[in-house]
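*Asks:* I need the structure of the sequence given here:
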Amino acid sequence: MIGMRSHTTRGMLALVGTMMAALLAAPLAAADQDKPVSAIVQRAMLASVVRHCSEAYPKLAPTLKAKLDAWNAEHADANTAADAFIADLPSDNRAQIDRTVLVVEQTASDMLGAARRQAAGELFCSQAFDSFGSTSSEGYYDADNLDEAMGMYYMTMRSAEIGREMCVARYPHLAGHADEALAEWRVREAPIIARIESTFDRMQRENPDSARHLMEMVERNARKILSVAIDNGQEIYCRKHFDDLASGEHRRATPKMYRFLEQGSSAQ
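*Replies:* Below you'll find the model as predicted:
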């Protein structure tokens with residue numbers, strides 16, 4: 001295993017590896033499309049991680065390929081159902097999903113690059129598949145440790161802010177709805193939000209260059225993913241984006257993430 005300079009650096013690497021994964025459960029259109037789209041995007045992320053990591057570290061290739069084959073076999077029925085569901089969607093929706101998959105595939109390369117800059121590319125590749133292959137009982141990506149939980153929630157926070165900016169720019173009449181939903185979410189989850197903000201403030205003090213690269217990547221990829229839906233006239237996506245925050249849908253979909261954040265380092 002490659003040594004890393006500090007606990008903060010290890011935590012940041014884990015966060016890099018979960019930022020995009022947090023979006024695997026993001027709704028891209030109507031509510032009944034959430035799980036099929038999530039399955040397609042998760043599969044694309046796993047395949048891209050295996051491809052890029054196998055090219056960078058050939059000795060890991062057999063293990064990664066075996067994991068991908070096993071994951072595909074385990075999820076064969078779900079993947080077949082997702083493919084069939086999406087094949088029946090209107091062409092605009094399919095094109096939207098195709099663009100999202102391209103963003104995800106590029107992000108796998110970005111994450112590996114970020115890890116290699118920290119002299120931890122091989123470590124990232126040895127852990128990424130198990131991380132991205134994990135799902136909750138609801139069928140969504142969920143956290144396997146505290147670092148992943150913090151990374152996922154940081155993405156939630158940034159996506160909330162960026163989503164408000166981008167949705168209201170496209171649909172100005174949603175401003176009141178968005179602000180009311182975000183205010184309700186911030187009050188209900190104030191302790192978690194404060195914890196994440198404190199952690200990232202500490203990272204910026206202790207390792208400013210790595211923190212800057214991480215946050216730039218989060219910002220760039222959050223905007224890419226959000227723009228896929230918003231730029232295709234999906235007002236329903238914007239409404240659901242805010243409604244899910246206000247209603248606590250993320251807590252239902254990702255229970256382990258919340259248990260890690262509220263209980264500490266272990267969650268069963």
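
*Asks:* could you check how far residue 221 is from residue 158?
*Replies:* Computed as C-beta to C-beta, to the nearest Å, the residue 221 to residue 158 distance reads 10 Å. Every residue, glycine included, has its C-beta placed from N, CA and C.

*Asks:* oh, that last question was meant for residue 92, not what I typed.
*Replies:* 27 Å.

*Asks:* higher neighbour count, those two?
*Replies:* residue 158 (18 against 11; other C-beta atoms under 10 Å).

*Asks:* relative to residue 190, how far out is that one?
*Replies:* From residue 158 to residue 190 the distance is 17 Å (C-beta to C-beta).

*Asks:* and if you look at residue 123?
*Replies:* 34 Å.

*Asks:* more crowded one of those two?
*Replies:* residue 123 (19 against 10).

*Asks:* and the helix of greatest length in the chain, how far from the chain's centre?
*Replies:* Longest helix in the chain, counting residues (DSSP state H): helix 91-117. How far helix 91-117 lies from its chain's middle: 11 Å, per C-alpha atoms, centre = their mean, to the nearest Å.

*Asks:* so which elements touch it?
*Replies:* When contacts are defined as 3 or more C-beta pairs under 8 Å, 6 or more residues apart in numbering; DSSP states H and E, helix 91-117 packs onto helix 7-19, helix 34-56, helix 76-87, helix 121-132, helix 208-230.

*Asks:* residue 250: which of the ones you listed is closest?
*Replies:* Smallest distance to residue 250 across the helices and strands packed on helix 91-117 (C-beta to C-beta): 12.1 Å, for helix 34-56.

*Asks:* buried set for the closest one?
*Replies:* Applying a neighbour-count criterion of 16 or more other C-beta atoms under 10 Å, one finds 34-54, 56 buried in helix 34-56.

*Asks:* now do the helix or strand just after that helix, average pLDDT.
*Replies:* Using DSSP states H and E, the helix or strand that follows helix 34-56 towards the C-terminus is helix 61-74. The average pLDDT for helix 61-74 rounds to 93.

*Asks:* give me the residues contacting helix 61-74.
*Replies:* 43, 46-47, 49-50, 53-54, 79, 125, 129-130, 133 (C-beta atoms under 8 Å, 6 or more residues apart in numbering).

*Asks:* rerun that using 10 Å as the cut-off
*Replies:* 42-43, 46-47, 49-55, 57, 60, 79, 125-126, 128-130, 132-133 (C-beta atoms under 10 Å, 6 or more residues apart in numbering).

*Asks:* residue 162 against residue 178, yeah?
*Replies:* No - the criterion here is C-beta atoms under 10 Å, and residue 162 misses it with residue 178 at 11.7 Å.

*Asks:* and those two? Which one has more around it.
*Replies:* It is residue 178, of residue 162 and residue 178, that has more neighbours when counted by other C-beta under 10 Å, with 22 against 17.

*Asks:* which residues touch that one?
*Replies:* Taking C-beta under 10 Å, 6+ apart as the definition, contacts of residue 178 comprise 160, 163-165, 167-168, 171, 238-239, 241-242, 245-246.

*Asks:* these, buried ones only, as a PyMOL selection?
*Replies:* To isolate the buried ones among these in PyMOL, judged by 16+ other C-beta under 10 Å, type:
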select buried, resi 160+163+164+167+168+171+238+239+241+242+245+246
